[in-house]
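Chemist: Here's my sequence, what's the structure:
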Amino acid sequence: GVVDFALGLVEQGVELLSTGGTAKLLRAAGVEVTEVADHTGFPEMMDGRVKTLHPKIHGGILARRDNPEHLRQIAEQQIPPIDLVVVNLYPFRETVSRPDCDLATAIENIDIGGPSMLRAAAKNCHAVTVVVENDDFQPVLEELRSNGGSTTEQTRLRLAARAFAHSAGYEAAIATWLQGQLNDDEHAFAETFQCQLTRAQVMRYGENPHQQAAFYVEPDSNAGIGATEQLQGKELSFNNVADADAALECVVAFAEPACVIVKHANPCGVATAKTPAEAYELAYQTDSTSAFGGIIAFNQPIDAALAQTIIDRQFLEVLLVPSMDAATAEVLAAKPNIRVLVGGQRL
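Modeler: Model (predicted):
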């Protein structure tokens, strides 16, 4: 976490600046830190809305180290350069995901100073390192230790790109949520639609062996193949994802127990019935030949008996279910190559 990262920075001789809450946390852990208010000589105000929006912060971040005029100006104004910026933004997405969140609460969780520092540091990445993800803490520390207390230009560029992407996603989430509050008929469809995807996997190849492919997902989504959990089986291929997506989109269209069998992105068997077992039987009998090596999706959990029936009867690439109990998982474990995906159906 941030405390361990701060301790590692202090070991490298880094002097730390922090806003009030984080400074209190660091001091409690025995880390020496200077509060931003003491550094700027200007107190936090407006319930924390104005903390880091100060020339002594942004001047220290934005000054180009290779520009003599910039260096003269910050020296004249007694602004020390800032070489590393670490920011965790206010949890806007988490806040608005709560059912009791109102407009006032959402507004107070829109970070202003954090994104401003991120963007300033990323813009000046020729000299400033910016960290916005906790999983970068350890790699940055290791590079500082092995590189004489500095990061490489390539690392700074990579982290700058990550910071701008993070900031863009944050702003998009705010815009999307605010547009969703316009619930009159005129605004039934938003004027703009923001979508930011994160790379989840680089495939061995695309639809065909000579093509390249990667799988990108919407991080906060609770529906779709990207929101499923893979319980077993080999890594998903490009065609697995395409076929599984087709099966999932089809099966969730039904309220009653349903089974969908897909081959080459086309349903070769779709059925509804009183139980998942009956639905599977009907779907399988629709085209039992094409069902071989296909993708099977259910919109309700299956039991161990049905799982046994399926693996005894046919070869399949992927099985999708909304949830799974331990007994069913144990049956499927006998066929470890079957890719079992759970969830992604907003149940």
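Chemist: For residue 121, give me its contacts.
Modeler: With C-beta atoms under 8 Å, 6 or more residues apart in numbering as the criterion, the residues that contact residue 121 are 61, 82, 85, 128, 129, 130, 160, 163. Just so you know, the C-beta spots here come from the backbone N, C-alpha and C atoms, and that holds for glycine as well.
Chemist: Over to it: give its phi and psi.
Modeler: The phi and psi torsions at residue 121 (degrees, to the nearest 10) take the values phi -70, psi -40.
Chemist: Save the contacts of residue 121 as TSV, and put in distance to residue 326 and pLDDT too.
Modeler: What follows is the contacts of residue 121, written out as TSV (distance: C-beta to C-beta, whole Å; pLDDT from 0 to 100):
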residue	distance to residue 326	pLDDT
61	53	95
82	53	94
85	47	95
128	51	95
129	46	95
130	45	96
160	46	97
163	43	96
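Chemist: Out of those residues, list just those in helices.
Modeler: 61, 160, 163 (DSSP state H).
Chemist: okay, now the second one: neighbour count?
Modeler: Same thing as residue 160. Using other C-beta atoms under 10 Å, the number of residues around residue 160 comes to 22.
Chemist: do the first one as well
Modeler: Applying other C-beta under 10 Å, we find 25 other residues in the vicinity of residue 61.
Chemist: Can you spell out the domain ranges of the protein, please?
Modeler: 2-183, 223-342 (automatic domain parsing).
Chemist: Going by mean pLDDT, which of these comes out lowest?
Modeler: By mean pLDDT, the lowest-scoring of these turns out to be domain 2-183, with a mean of 90.
Chemist: so how far is that domain off the chain centroid?
Modeler: From the chain centre to the centre of domain 2-183 is a distance of 19 Å (C-alpha atoms, centre = their mean, to the nearest Å).
Chemist: Could you pull out the helices in the stretch 1-150 of the chain for me?
Modeler: For the stretch 1-150 of the chain, the helices defined by DSSP state H, counting those that start in this stretch occupy 2-11, 20-28, 36-40, 55-62, 68-76, 92-96, 103-108, 113-123, 137-146.
Chemist: all strands of this structure, in order?
Modeler: For the chain, the strands defined by DSSP state E cover 17-18, 34-35, 84-86, 129-131, 198-202, 214-217, 229-232, 258-263, 266-272, 294-298, 316-321, 339-342.
Chemist: hang on, the earlier thing: for the ones in helices among the contacts of residue 121, give me a markdown table that also has distance to residue 11.
Modeler: Putting those into a markdown table (distance: C-beta to C-beta, whole Å) gives the following:
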| residue | distance to residue 11 |
| --- | --- |
| 61 | 23 |
| 160 | 25 |
| 163 | 24 |
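Chemist: Taking the centroid of the protein, which residue is nearest it?
Modeler: Nearest to the geometric centre of the chain sits residue 219, at 3.7 Å (C-alpha atoms, centre = their mean).
Chemist: Mind pulling up the pLDDT for that one?
Modeler: Taken from the predicted model, the pLDDT recorded for residue 219 is 77.
Chemist: For it, which non-adjacent residue is closest in space?
Modeler: Nearest in space to residue 219, with sequence neighbours left out and distances taken as C-beta to C-beta, 6 or more residues apart in numbering, is residue 198 at 5.1 Å.
Chemist: thought residue 132 was touching residue 164?
Modeler: No. Under the contact definition of C-beta atoms under 8 Å, residue 132 does not touch residue 164, with a separation of 9.5 Å.
Chemist: okay, and the common contacts of these two?
Modeler: By the contact definition C-beta under 8 Å, 6+ apart, residue 132 and residue 164 are jointly contacted by residue 118.
Chemist: more crowded one of those two?
Modeler: Per other C-beta under 10 Å, whichever of residue 132 and residue 164 has more neighbours is residue 132, with 25 against 18.
Chemist: OK, contacts around that one?
Modeler: Applying C-beta under 8 Å, 6+ apart, one finds that residue 132 lies in contact with 86, 87, 88, 89, 118, 159, 162, 163, 166.
Chemist: Just the buried ones from these?
Modeler: Neighbour-count burial (16 or more other C-beta atoms under 10 Å) applied to those gives 86, 87, 89, 118, 159, 162, 163, 166.
Chemist: State the number of residues packed around the closest residue to the fifth one other than its chain neighbours.
Modeler: Residue nearest to residue 159 in three dimensions, not counting chain neighbours: residue 130, with 5.3 Å by C-beta to C-beta, 6+ apart. Using other C-beta under 10 Å, residue 130 is surrounded by 28 other residues.
Chemist: likewise residue 51?
Modeler: Applying other C-beta under 10 Å, we find 22 residues neighbouring residue 51.
Chemist: roughly how far apart are it and residue 43?
Modeler: Distance, residue 51 to residue 43, by C-beta to C-beta, to the nearest Å: 9 Å.
Chemist: Please apply the same query to residue 282.
Modeler: The spacing between residue 282 and residue 43, counted by C-beta to C-beta, is 71 Å.
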